[in-house]
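Peer 1: Sequence first, predicted coordinates after that:
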Amino acid sequence: MADLGKIIERIIGKVKKEEELAEEAPVDIPATSASSAPFPVSASIPDKKIPETVYIKASTLHSLDELNGIKDEVESGNIIIVKVGPLARKSVDDVKRAVSELSEFAENIGGDIARLGEERVVVTPFFVKIWREKMPKEEDESSSEAE
């Protein structure tokens, strides 16, 4: 089960790298919409409305059939923490498919996805971005050489 975190990270990392390569010049948002929003507005999803109440919900993924429910929750504006461990005990290939599908979904709606530990991922709607700490490459290399 220790490999599950690495599998999830590889899938999410692959999608994020493709996303970074596909990024173009920033899109100008009219001053009226940008200044009225207390956070960055996704230019690709201008028709979406931010709900008054946003919930953070936990969900356990037992089968691929449950993915649509997770997507519906995120589209309605909720942040979902998905535990994939039970699905991994059945099929690691299904976990790969699920995380890949959730990554593509998050990208398509302008949301975000990240790994939380070994068995969990968090999926957010378009108006929530996940902060990621950047590690300098030299520091990573020197710490692995010291071991």
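Peer 2: Structure received. All figures in this text were calculated on a predicted structure; none of them were measured in a lab.
Peer 1: all strands for this structure, in order.
Peer 2: 56-60, 79-83, 112-116, 120-124 (DSSP state E).
Peer 1: any chance of these in a markdown table, plus mean pLDDT, distance to Arg97 and mean neighbour count?
Peer 2: No exception for glycine: its C-beta is placed from N, CA and C like everyone else's. Below are the strands of the chain laid out as a markdown table (pLDDT from 0 to 100; distance: least, Cβ to Cβ, whole Å; neighbours: other Cβ atoms under 10 Å):
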| stretch | mean pLDDT | distance to Arg97 | mean neighbour count |
| --- | --- | --- | --- |
| strand 56-60 | 97 | 17 | 13 |
| strand 79-83 | 97 | 13 | 19 |
| strand 112-116 | 95 | 14 | 21 |
| strand 120-124 | 97 | 13 | 22 |
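Peer 1: which residues sit against stretch 122-142?
Peer 2: For stretch 122-142, contacts defined as Cβ atoms under 8 Å, 6 or more residues apart in numbering pick out 39-42, 45, 48, 50, 54, 70, 74-75, 77-82, 102, 105-106, 109-114, 116.
Peer 1: Show me just the buried residues among those.
Peer 2: Taking 16 or more other Cβ atoms under 10 Å as the criterion, what is buried in those is 41-42, 48, 70, 74, 77-80, 82, 102, 105-106, 109-114.
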